[in-house]
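Chemist: Whatever this is, show me its structure:
(one chain, ligands or ions: 3)
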Amino acid sequence: MTTPLNYGVALTELRAINERLRVSSLRERDLALELQRQLAFTDAITTSLGEGVCALDREGRVVFINPSASSLLRWTETDLLGKELHRLIHTSCDAGCPMLDAIRSYGSYRDEEDVFVSRDGALIPVAYSIAPISSGSTISGVVLAFHDTTDVPLPSWSNEALRAAEARYRSLIEHLPLVTYIEQADTGLIYTSPQMAHLIGFDATEWMFEREFWAGRLHPDDREMFDAELERADETGKPFNLEYRLVAQDGRVVWVRNEAFLHRTDNGTPDYRQGFMLDITDLRMAETALQQSESYLRTLFDHSTDLIAVIADDDTITYLSPGSHGMLGCDPADYIGEAVTSLVHPDERGQVMDALAEARALHITPVPVEFRIRHVDGTWRWLEAVGRKVVAEPGLEGVVVNARDITERRLLEAEVTFRAFHDSLTNLPNRALYLDRLEHALRRSARSPSSVAVAFLDLDNFKVVNDSLGHVAGDALLVEVALRLSGAIRDIDTVARLGGDEFMILIEEADGLGQVLHVAERIMTALQTPIMIGQRPVIVTASTGIVLGEAHISAADMIRHADLAMYTAKDNGKDRVVVFNPAMHLHALHRLEIEHDLRVAIDHGELSLRYQPEIALATGALFGVEALVRWEHPDGVTRLPADFIAVAEETGLIVPLGAWVLRHACADAARWIAASDLSETFALSVNLSLSQFRDPLLVSVVRESMADAGLQPSRLILEITESILADDPDHVAETLQLLRDLGVRIAVDDFGAGYSSLGRLRRIPVDFLKIDRTFSTRIGTDVADTALMSSMIDLAHALGKQVVAEGVETQAQAMLLHELGCDVAQGYLYARPLLESDIPALWSTQMATAASA
Ligand code: C2E
Ligand code: CA
Ligand code: CA
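Modeler: Residues are numbered from 1 along each chain as shown. Ligands and ions are numbered 1, 2, ... in the order given. Below is the predicted model of the structure:
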């Protein structure tokens, strides 16, 4: 700017304008407009002079600024118009505010020097003159004319070196990743580094001139906290330090960490604050996200029915999830600080400690451990747990254990295991478990094998109970037998059920056969009391085979031997104990063969009948015949009943076999009778076994056999054994009555061989007593037997029953029997069992006998 005109000229001009304004009659409110108009004029002049000019109203607000002034101050005209210019004064250089003073108190022209803050935060030393604009007696504003600072001496600190230094610090500060600021204690912010614009989106025009700017930026929720911190900092003299939220121009919430230090003047009054703000929004967001995910996880934990625990290095519990309440039965918090072992079942403590040690050793894949923990109700819950050491997770030091309740599964497993080794009806061990125990026992007793014994027990006639009383009754009977057997053995022994009516007892630590037999005896005694099935007492007997251990014998062989001994007990008449001996092997082989062959014998027509005559002793005439079954084995050898009846009984084959006999014998007899009209008393005797007798179909089989053959019922005598009479008396009486109702007669076979008393016969509706062969053999030679035979005959007669003597082989026997009053005799003396074809001939002989008598 080299023009000779200077600001002094311009001011003179301005004064002239003011003078004109003063004398004009324009109203006050038009003054400003007029002023502006005038100033525009002035501007044109001053601009051409290159001088900075700025006019302020009475409040100090910029009403006019020319380009020179705005470029000097480094604010644009639009930035400044309407703003209080004195806010830009860096007051640290001067405590007062000459501009306002000038407007308010001085009415006169003066020169000033100040440091102004530029829009970008730079400090600009400026020299200027202030001239009041008066309107009448009032001052309507001031005009500032900025001096050419090249002419005036700079403030003392503003030499080049200092400027350069200032520029370096400024650059440093403006490149920090934070906002720095200086705030005057009384008038507010005087410097804010440009990073602030990035932080909150506003620019300096807002925060330099707006009094309420910062208050508006503070997040309402943080205001209280902010004020409290400010108060605390001022009171204690300690730095202000707070994290709080600012609201950015676009509404964003910006988290800042704000630290500031208050400088005081020498006399202690607050002067200015220096501070910085760090954008911690990302950090906060991350923290919030962390908190959220933590609270999410916690919610998961809390609602999980699993047990989550943290076990510290000293084995104490530092955390237990609320979800574990169900497993513990009490507040999980009660266990915090407790040793983990206090919860764990003593049996699994070792395992749990090992697993913890393993987890701490940082094994990558956790191995699940199963253990029990105590429920407050005193029960134990099974858990399956994995432990994992948590690293790099402060606050979570230790092993995090994740466990779920597997009690139900465990119970189920236990149940399944139990079922696999126990019989479901009686809960006794089954064959598999028995075998296992036997094997163990044999191994343990390798030095004295005979201290181990196996007893194989099979109920006699169980099948009949099952068939006649039903399966429910059969099951009840088996359960009761199981109870009695269990009660009869010693604690160290084992009773197992193999299925059906077969039981096996393992006797251990026995000292020899004597003690084993003693156990067996106790078992047999335990079964003696009849078992009540409903209201019905059932007599149960058992056949038991026993075998003692021997060196190197296998469990399987022992069982096989006991089985053989049991079958021998059956063959020997049941209800007894038989000790195994090696000869039984042969017998058993034989027996198996019979069973197999007999099954097909009936269908293949291998059965046949013999008939043995019975003679009326009084007349010597033919009384009748007894049908006796034979098995014409395909090997050509005819088998006697002794070879196969027992097997047939045991296997139930006796039922179809007996039916076959009945049917054929009835047919034969009917034919004979039809062929000869002479014998009016002829009777056919047919044997019935126990199983047949218990067969519910017996009565109909008998009825149909007779009907189909056309045989009169009065011609049929059914021979039953004493063992039948020993059966349930009600059932026996009922069946006998049904048979007699058909019109058939009943004989008790082999009488005297068993236990049935004569007294019992009184109540049983039978027609004949067939005295056992042994009595016939001994009469005449044995006085006692003769006497017994005599009294049996007398008693039978007294009861209205006829007596048949069987096994009569000599004439002497026949004569004596006749003397004693016996009615009928049968035996080799008269005839051996004959073929069916021989009977008609017999018939004619007898007719001859009858004719001769
Ligand atoms: P049991 O009913 O006592 O039959 C009489 C047995 O004595 C017959 O033997 C017969 O041959 C034999 N015997 C006859 N007289 C004499 C004699 O003077 N001296 C000797 N020592 N024995 C004589 P068998 O035929 O071998 O029958 C044996 C047993 O088989 C029968 O005894 C009977 O209990 C049973 N049995 C035979 N056939 C049948 C049948 O069809 N059904 C049933 N359930 N059992 C039958
Ligand atoms: Ca007989
Ligand atoms: Ca007999």
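Chemist: surely R404 meets I308?
Modeler: No: counting by C-beta atoms under 8 Å, R404 does not reach I308; the two are 10.1 Å apart. Every C-beta, even on glycine, is put in place using the N, C-alpha and C of the backbone.
Chemist: what about those two, which has more around it?
Modeler: Set R404 next to I308 and count neighbours by other C-beta atoms under 10 Å: I308 wins out with 21 against 17.
Chemist: helices or strands up against the helix or strand where that one lies?
Modeler: Here I308 sits within strand 307-311, counting by DSSP states H and E. For strand 307-311, the packing partners by 3 or more C-beta pairs under 8 Å, 6 or more residues apart in numbering; DSSP states H and E come out as strand 317-320, strand 380-390, strand 398-405.
Chemist: And the ones you listed: which comes nearest R484?
Modeler: strand 380-390 (34.7 Å; C-beta to C-beta).
Chemist: Can you give the contact residues for that closest one?
Modeler: 307, 310-311, 327, 345, 355-356, 358-360, 362, 366-375, 396-407, 409-410 (C-beta atoms under 8 Å, 6 or more residues apart in numbering).
Chemist: In ChimeraX, select just the buried ones from the residues you listed.
Modeler: Here is the ChimeraX command that selects the buried residues among the contacts of strand 380-390 (16 or more other C-beta atoms under 10 Å):
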select :307,310,311,327,345,355,356,358,359,366,369,371,372,373,374,375,398,399,400,401,402,403,404,405,406,407,410
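Chemist: Of the helices and strands packed on strand 307-311, which is nearest ligand 1?
Modeler: Evaluated with C-beta to the nearest ligand atom, these place strand 380-390 nearest to ligand 1, the distance being 60.2 Å.
Chemist: strands paired with that closest one, and their directions?
Modeler: As defined by DSSP bridges, the strand partners of strand 380-390 come to strand 369-374 (antiparallel), strand 398-405 (antiparallel).
Chemist: pull the CA atoms of the very next helix or strand once past the last one into CSV?
Modeler: Looking back up the chat, that one is strand 398-405. Going down the chain from strand 398-405, the next helix or strand is helix 407-421, by DSSP H and E. The C-alpha trace of helix 407-421 is given here as CSV (Å, rounded to 0.1, in the frame of the first residue of the first chain):
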residue,chain,number,x,y,z
THR,A,407,-27.9,-88.4,36.6
GLU,A,408,-30.9,-89.6,34.5
ARG,A,409,-28.5,-91.1,31.9
ARG,A,410,-26.5,-92.8,34.7
LEU,A,411,-29.6,-94.3,36.2
LEU,A,412,-30.7,-95.5,32.8
GLU,A,413,-27.3,-97.0,32.2
ALA,A,414,-27.4,-98.6,35.6
GLU,A,415,-30.8,-99.9,34.9
VAL,A,416,-29.8,-101.3,31.5
THR,A,417,-26.7,-102.9,33.0
PHE,A,418,-28.8,-104.4,35.8
ARG,A,419,-31.3,-105.7,33.3
ALA,A,420,-28.6,-107.2,31.2
PHE,A,421,-27.5,-109.2,34.2
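Chemist: what comes up buried for helix 407-421?
Modeler: For helix 407-421, by 16+ other C-beta under 10 Å, it's 407, 410, 421.
Chemist: Return the closest of those with respect to ligand 1.
Modeler: Using C-beta to the nearest ligand atom, the buried residues of helix 407-421 come closest to ligand 1 at F421, 41.4 Å.
Chemist: host element of the nearest residue to that closest one once chain neighbours are set aside?
Modeler: Excluding its sequence neighbours, the residue lying closest to F421 (C-beta to C-beta, 6 or more residues apart in numbering) is L433, at 3.9 Å. Taking DSSP H and E as the definition, L433 sits inside helix 431-444.
Chemist: Check which helices and strands that helix sits against.
Modeler: helix 407-421, strand 494-499, strand 502-507, helix 555-571.
Chemist: per-residue pLDDT, the nearest residue to G60 once chain neighbours are set aside?
Modeler: Closest residue in space to G60, ignoring its immediate chain neighbours: E84 at 4.7 Å, by C-beta to C-beta, 6+ apart. You'll see E84 listed with a pLDDT of 84.
Chemist: picking that back up, and the helices and strands packed on strand 307-311 as CSV, adding mean pLDDT?
Modeler: Formatted as CSV, the helices and strands packed on strand 307-311 follow (pLDDT from 0 to 100):
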stretch, mean pLDDT
strand 317-320, 88
strand 380-390, 86
strand 398-405, 86
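Chemist: which residues in the stretch 651-800 of the chain form helices?
Modeler: 654-675, 690-694, 698-709, 722-725, 729-742, 758-761, 773-778, 783-798 (DSSP state H, counting those that start in this stretch).
Chemist: hey, least reliable of the ones you listed by pLDDT?
Modeler: When I compare the helices of the stretch 651-800 of the chain, helix 758-761 is least confident, with a mean of 64.
Chemist: any low-confidence regions in the stretch 451-600 of the chain?
Modeler: By pLDDT under 70, the stretch 451-600 of the chain contains no weakly predicted segment.
Chemist: E649: neighbouring residues, count only.
Modeler: 21.
Chemist: Let me see the contact set for it.
Modeler: By C-beta under 8 Å, 6+ apart, the neighbours of E649 are 689-691.
Chemist: can you check P332 too?
Modeler: P332 neighbours (C-beta under 8 Å, 6+ apart): 320-322, 324-325.
Chemist: Any chance of these in CSV with distance to R58 as columns?
Modeler: Shown next, in CSV, are the contacts of P332 (distance: C-beta to C-beta, whole Å):
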residue, distance to R58
L320, 74
S321, 72
P322, 70
S324, 77
H325, 76
